[in-house]
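Colleague: got a sequence here, can you model it:
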Amino acid sequence: MSTTKPVHAATRFATAGNELLVGGVPLTRLAQRVGRTPFYAYDRAQLTARVRHVRAQLPAALRLHYSVKANPMPALVQHMASLVDGLDVASAGELKTALDTGFEPAHVSFAGPGKQDAELSQAIAAGVTLNAESAAEIERAARIADALGIAPRIVLRVNPDFELKGSGMRMGGGAKPFGIDAEQVPDCLRLLDTLGIALQGFHIFSGSQSLKAEAIAESHVRSVELALQLAGDARQALPGLYLGAGFGIPYFPGEQPLDLAPIGASLAQCLARVERDSPGTRVSVESGRYLVGEAGVYVARVIERKVSRGQVFLVTDGGLHHHLAASGNFGQVIRKNYPVAIGNRMMQAQRETISAVGPLCTPLDVLAERMELACAEAGDLMVVFQSGAYGLSASPTAFLGHPPPLEVLV
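Modeller: The predicted structure is shown next:
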């Protein structure tokens, strides 16, 4: 069988004959192996290759963390744990998944506002690092730690006075529920001193899903400057500095893959400055979507080919209840199509303009709108690319009572 180039500029999957390959397995065979559709499939080799690419482009001294919220599938997290230096979680459920990998607890960080006392207790007992989001959270963690007789590991999450320009999700700058406003950090440092808690570092995350290397590099430079400024208010050394990567992936026509080279060059300068002004501080960068997003596909089966007033609809067994982002209902202001293909007709010349919809009783249940694809029939397999991050776990699976999709790591 001969392979071709990837099917779309934003995808990394090859084909053999008419079949898309996932993990080297033809799609129809993979569907038989999984047992039913719809399902998500994640390509193990692509995950490994992406981490290697990141490490090759960024400074060797930089520590790389995987953000579990991007994709918390246990088998995938286990694989990522073998490749990265840290895991970042945002709930007790994700914490359990991270600890089940056998990862060193001190290198697991727990972020997010609104941590409940039970979650704080679990995290402190496990010995993981807490990213404190407020002075009140610090005080609650201190009380719980005192009752447990365990010294808590606390990083201050800082809400900077700037945001990542051109980012899909702005996590810093202005009024935010995330982190401690930069101007309030000195008070929190004094609170840690009063409580006798050793500062583990600062976490500064200004935004995510950016495809602009210069904007990401600028946010890193500003984050380092802010951290060093705040460190001057601390009576303790700064063991760690945790930066949000902000690395995005292309989803829509016209978007180009992110070039990490200029970001790596800028980070090398940042690390040199940190080493000069705060010797011994370990710098880490956290990434989720960029590490796993392009390595996953969502696969649904065509149930019926329907023509309504001249428009062709492919009605599938998948939809927004499984993949909210692809439906356009996960933050898009104007709906745009994810890259989509008929996975068992990759080389077919005959094409037509179709809309692909799911089985839900709502006009929002759209996976592709007026896209030119290979002509398909009932039984064919529709593939949604760029589905390795914020797919199943970010979707309303209970909506209308359909069964959840399966997930496989291939």
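
Colleague: need the pLDDT of residue 236.
Modeller: Here the pLDDT value assigned to residue 236 is 77.

Colleague: that one: neighbour count?
Modeller: Residue 236 sits with 13 neighbouring residues when counted by other CB atoms under 10 Å. Placement of C-beta: from N, CA and C, glycine included.

Colleague: hmm, it is touching residue 197, no?
Modeller: No: contact criterion CB atoms under 8 Å: residue 236 and residue 197 do not qualify, at 9.6 Å.

Colleague: and stretch 309-318, end to end?
Modeller: Start to finish, the residues bounding stretch 309-318 are 23 Å apart (CA to CA, to the nearest Å).

Colleague: now it: mean pLDDT?
Modeller: 96.

Colleague: can you pull the contacts of residue 271?
Modeller: Residues in contact with residue 271 (CB atoms under 8 Å, 6 or more residues apart in numbering) are 59, 61-62, 283.

Colleague: try residue 374
Modeller: 341-342, 345-346, 348, 350-351.

Colleague: ok, those residues vs residue 157, which is closest?
Modeller: Using CB to CB, residue 341 is the member of the contacts of residue 374 that sits closest to residue 157, with 40.1 Å.

Colleague: that closest one sits in which helix or strand?
Modeller: strand 340-342 (DSSP states H and E).

Colleague: where are the low-confidence patches of the protein?
Modeller: By pLDDT under 70, the weakly predicted segments of the chain are 1-11, 163-177, 333.

Colleague: mind checking the longest strand of it?
Modeller: Longest strand of the chain, by residue count under DSSP state E: strand 296-308.

Colleague: that older thread, what helices and strands are in contact with the following helix or strand past the strand holding residue 341?
Modeller: Per DSSP H and E, the first helix or strand lying C-terminal to strand 340-342 is strand 351-357. Using 3 or more CB pairs under 8 Å, 6 or more residues apart in numbering; DSSP states H and E, the elements in contact with strand 351-357 are strand 311-316, strand 366-374.

Colleague: quick one: buried residues of the last one?
Modeller: Of the residues in strand 366-374, those with enough neighbours to count as buried (16 or more other CB atoms under 10 Å) are 366-369, 371, 373-374.

Colleague: repeat that for stretch 20-40.
Modeller: Quick answer for stretch 20-40 (16+ other CB under 10 Å): 20-23, 25-28, 30-31, 34, 37-40.

Colleague: starting at the chain centroid, how far to it?
Modeller: 23 Å (CA atoms, centre = their mean, to the nearest Å).

Colleague: and that stretch, end to end?
Modeller: Stretch 20-40 has its terminal residues 14 Å apart, counting by CA to CA.
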